[in-house]
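Visitor: Give the three-dimensional model of this entry:
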Amino acid sequence: MSNWMTLLFEGDFATATGGPETVCFIILLAFVIGHFVGWIYMWTHKGLSYSQAFVASLVVIPVIVAIMMILMAGSIIVAFGLLAVFAVVRFRNVLKDTRDTTFILWAIMEGLGVGTMRYSTSIVGALGVAAVLLYLRVTAFGSRHRYDAVLSLRLTGDLGHGVASLKKILRQHSIRTHLANERRLSDEGLDLSWRLLLRDPARSDELQWALRQTEGVENISLFLREDESEI
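Guide: Presented below is the predicted three-dimensional model:
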């Protein structure tokens, strides 16, 4: 029994990895740096395709890659073998979700570790990556709740009074509003598109009802987003 424990937990720490403390430090440092990269991405992102899953992957991938580098240290054969595995996975599967790609990398890393008899590093790496994923799940890291709805409508008649009434209604039902698009029509009025952070998305029907009761408001369309992505 003691031989099995020694093989699993101490078998490959006599190599270039430098011991379990070194592996744990590498995992922790990669996590901190990945966390920093994720924060910078969140703060600087301005587009419309923001994804929490992608931000979370920015935190996990440095940890997985760091463990892979530990496993490949001093072995060109292992490095070429890893490239061959990646080529097969890429050829056979086209992954559209960044989270799925992260788990594929994790599975490949674990298979690489066990296959090269780096049992100790594989176990520590599995626990480290699982801890990072659990942290991301518990903290919902990467979520960015700026707006959860898009409102499109057309104003006719007295535009000045209509805009004032519209803003009043939006303030009653929204925490934050942003005028995303405004297009003036020569004969039909004014087309407006707003981004909204609703006070209670479950009561969006009340907002639509209030708008329908407002004179000069037509063609009302309200689209809700249930995820964290920026609209």
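Visitor: buried sites along the biggest helix by length in the chain?
Guide: Scanning the chain for the helix with the most residues, using DSSP state H, yields helix 20-44. The neighbour-count check on helix 20-44 (16 or more other CB atoms under 10 Å) flags 23, 26-27, 30-31, 34-35, 38, 42 as buried. The way it works is simple: take the backbone N, C-alpha and C, and place the C-beta from them, glycine included.
Visitor: next helix or strand past that helix?
Guide: Next helix or strand after helix 20-44 toward the C-terminus (DSSP states H and E): helix 52-72.
Visitor: just to revisit the earlier point, tilt between the longest helix of the chain and helix 52-72?
Guide: If you take axes from the mean of the first three to the mean of the last three CA atoms, to 10 degrees, helix 20-44 sits at 150 degrees to helix 52-72.
Visitor: Need the contact partners of helix 20-44.
Guide: Outside helix 20-44, the residues within contact range by CB atoms under 8 Å, 6 or more residues apart in numbering are 9, 13, 17, 55-56, 58-63, 65-67, 70, 120-121, 124-125, 128-129, 132, 141-142, 144.
Visitor: what residues go with each domain of the protein?
Guide: Split into domains by automatic domain parsing, the chain comes to 2-139, 149-224.
Visitor: Turn the ones you listed into CSV, columns for mean pLDDT.
Guide: CSV is the format used below for the domains of the chain (pLDDT from 0 to 100):
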stretch, mean pLDDT
domain 2-139, 78
domain 149-224, 81
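Visitor: chain center to stretch 114-125: distance?
Guide: With CA atoms, centre = their mean, to the nearest Å as the basis, stretch 114-125 stands 28 Å off its chain's centre.
Visitor: Can you point out the buried residues in it?
Guide: Quick answer for stretch 114-125 (16+ other CB under 10 Å): 116, 118-125.
Visitor: Stretch 152-165 now?
Guide: Along stretch 152-165, these residues count as buried under the neighbour rule (16+ other CB under 10 Å): 153-156, 162-163, 165.
Visitor: Looking at the buried residues of helix 20-44, which is nearest Arg195?
Guide: Set against Arg195, the nearest of the buried residues of helix 20-44 by CB to CB is Met42 (17.8 Å).
Visitor: Going along the chain, name the helices of the protein.
Guide: Using DSSP H, helices in the chain cover 2-10, 20-44, 52-72, 76-92, 98-115, 119-139, 159-173, 204-212.
Visitor: Just confirm Gln208 contacts Leu222, I think it does.
Guide: Yes. If you go by CB atoms under 8 Å, Gln208 and Leu222 touch, sitting 5.6 Å apart.
Visitor: and the lengthiest strand in the chain, what other elements does it pack with?
Guide: For the chain, the strand reaching the highest residue count under DSSP state E is reported as strand 174-185. Counting contacts by 3 or more CB pairs under 8 Å, 6 or more residues apart in numbering; DSSP states H and E, strand 174-185 packs against helix 159-173, strand 189-198.
Visitor: Show residues contacting it.
Guide: Strand 174-185 has contacts (CB under 8 Å, 6+ apart) with 146-147, 150, 154, 167, 170-171, 190-199, 207.
Visitor: could you redo the last one with a cut-off of 7 Å?
Guide: Defining contact as CB atoms under 7 Å, 6 or more residues apart in numbering, one finds that strand 174-185 is touched by 147, 170, 190-199.
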